[in-house]
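Enquirer: using only what follows, build the 3D model:
(one chain, ligands or ions: 1)
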Amino acid sequence: MRWQTISKKIEVATGQSFNIVSTHLLSGGDINSAFLLRGDNKSYFIKLNNADLITMFEAEFVGLQELAKTQTIRVPKPVVCGQIPEHAYLVLEHIDFGSKNKTSERLLGEQLALMHSQQQPYFGWHRPNTIGSTLQSNIQTTDWLTFWCEQRLAFQLQLLAKKGYTGKLQFDGERLCSDMPALFTHYQPQSSLLHGDLWGGNVAVDQQGRPVIFDPACYYGDRETDLAMTELFGGFSQDFYDAYQTAWPLDSGYGTRKTLYNLYHILNHLNLFGNGYLRQAESMMALILSEIH
Ligand code: ADP
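Expert: Numbering: from 1, shown residues only. I've put the predicted structure just below:
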């Protein structure tokens, strides 16, 4: 591994000298290999992947910058990303994690509501990014329903069709897209800065008890999508939800829309990890359709 090349890039980006003391392979990443690069006075968290995936790291880099600008939830500071022969790399500030507690969960709820108060007059973002390793389109539009249908559900369904998932899944998907407006008759989503991939594995707490989020798939959209994802795989406490609701209450129809929003992630899991997610995708579609009709 060309750690010396990466350490030179770190020196250029930070303007400070950096001497490698040790490198450690870390476990835990779904998509990339991760390393801890310890220096004499600072440590960095490095992600590596194939060189052709550099745009994925560029999008993560600017996503972290966009979240950091809000000065709400702590994110690892992005340092530099680029290519070295055979690899794309992303260097982030390394954060030593601590343990969650009631206070950190409450803080996460309050700070997430504040982050969501960062808004734009459009849905989307200035560039595509990835969700897992799947391309995520973020073409800006002022119509949320068109955005959610075309760039989220239909996009995943088209990928699935290419993998042979035709028939009922596609048929129900089309019905969902055309009938979806029924879930929005009394609700007009605002366009909030989203983490975009807010499952428990992308949230931690630093040594001072401050919440940290990382690995974002940022765009501007309905804040209910972030909340829905926290519920999809669990790991968030009632203190978190209570604090969020106190800071910025959710609309009473959130419960009927959250399956529609989580369907996107389950379709993506079906695309990435295969058949094990088919039944869940089908039953989510059936549930949404039954709530509409
Ligand atoms: P991937 O993109 O491969 O899914 P993640 O960004 O989710 O990788 O990181 C994998 C794991 O590494 C996380 O679950 C977390 O425990 C740890 N991690 C991520 N970012 C940092 C960081 N900046 N400092 C320390 N540990 C981190």
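Enquirer: the ligand contacts on the stretch 151-293 of the chain?
Expert: Gly201, Asn202, Phe214, Asp215 (Cβ under 6 Å from any ligand atom). Just so you know, the C-beta spots here come from the backbone N, C-alpha and C atoms, and that holds for glycine as well.
Enquirer: if we go to 8 Å?
Expert: Contact residues (Cβ under 8 Å from any ligand atom) of the stretch 151-293 of the chain with the ligand: Gly201, Asn202, Ala204, Val212, Phe214, Asp215.
Enquirer: biggest separation within the residues you listed, which pair?
Expert: Across these, no pair lies farther apart than Gly201 and Val212, at 12.3 Å, counting by Cβ to Cβ.
Enquirer: what is the burial count for the residue in the stretch 51-200 of the chain positioned nearest to the ligand?
Expert: Relative to the ligand, the nearest point of the stretch 51-200 of the chain is Pro76 (3.3 Å; Cβ to the nearest ligand atom). Pro76 has 21 neighbours, counted by other Cβ atoms under 10 Å.
Enquirer: likewise His269?
Expert: His269: 19 surrounding residues under other Cβ under 10 Å.
Enquirer: next structured bit after the helix or strand hosting it?
Expert: Under the criterion of DSSP states H and E, His269 resides in helix 254-273. Once helix 254-273 ends, the next helix or strand along the chain (criterion: DSSP H and E) is helix 278-292.
Enquirer: against which helices or strands is that following helix packed?
Expert: helix 168-179, helix 254-273 (3 or more Cβ pairs under 8 Å, 6 or more residues apart in numbering; DSSP states H and E).
Enquirer: using PDB, write down the CA coordinates of it.
Expert: Extracted in PDB, the C-alpha atoms of helix 278-292 (Å, rounded to 0.1, in the frame of the first residue of the first chain):
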ATOM      1  CA  LEU A 278     -37.700  -9.500  -2.200                       C
ATOM      2  CA  ARG A 279     -40.500 -10.500   0.200                       C
ATOM      3  CA  GLN A 280     -40.000  -7.400   2.400                       C
ATOM      4  CA  ALA A 281     -40.200  -5.200  -0.700                       C
ATOM      5  CA  GLU A 282     -43.300  -6.900  -1.900                       C
ATOM      6  CA  SER A 283     -45.000  -6.700   1.500                       C
ATOM      7  CA  MET A 284     -44.100  -3.000   1.900                       C
ATOM      8  CA  MET A 285     -45.600  -2.300  -1.500                       C
ATOM      9  CA  ALA A 286     -48.800  -4.200  -0.500                       C
ATOM     10  CA  LEU A 287     -49.000  -2.300   2.800                       C
ATOM     11  CA  ILE A 288     -48.700   1.100   1.100                       C
ATOM     12  CA  LEU A 289     -51.200   0.200  -1.600                       C
ATOM     13  CA  SER A 290     -53.700  -1.000   1.100                       C
ATOM     14  CA  GLU A 291     -53.300   2.300   3.000                       C
ATOM     15  CA  ILE A 292     -54.100   4.300  -0.200                       C
END
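Enquirer: quick one: the closest residue to the ligand within the stretch 151-293 of the chain from Met229, how far?
Expert: With Cβ to the nearest ligand atom as the measure, Asp215 is the residue of the stretch 151-293 of the chain nearest to the ligand, at 3.5 Å. From Asp215 over to Met229 the distance is 12 Å, taken as Cβ to Cβ, to the nearest Å.
Enquirer: I'm done for today, thanks for sticking with me.
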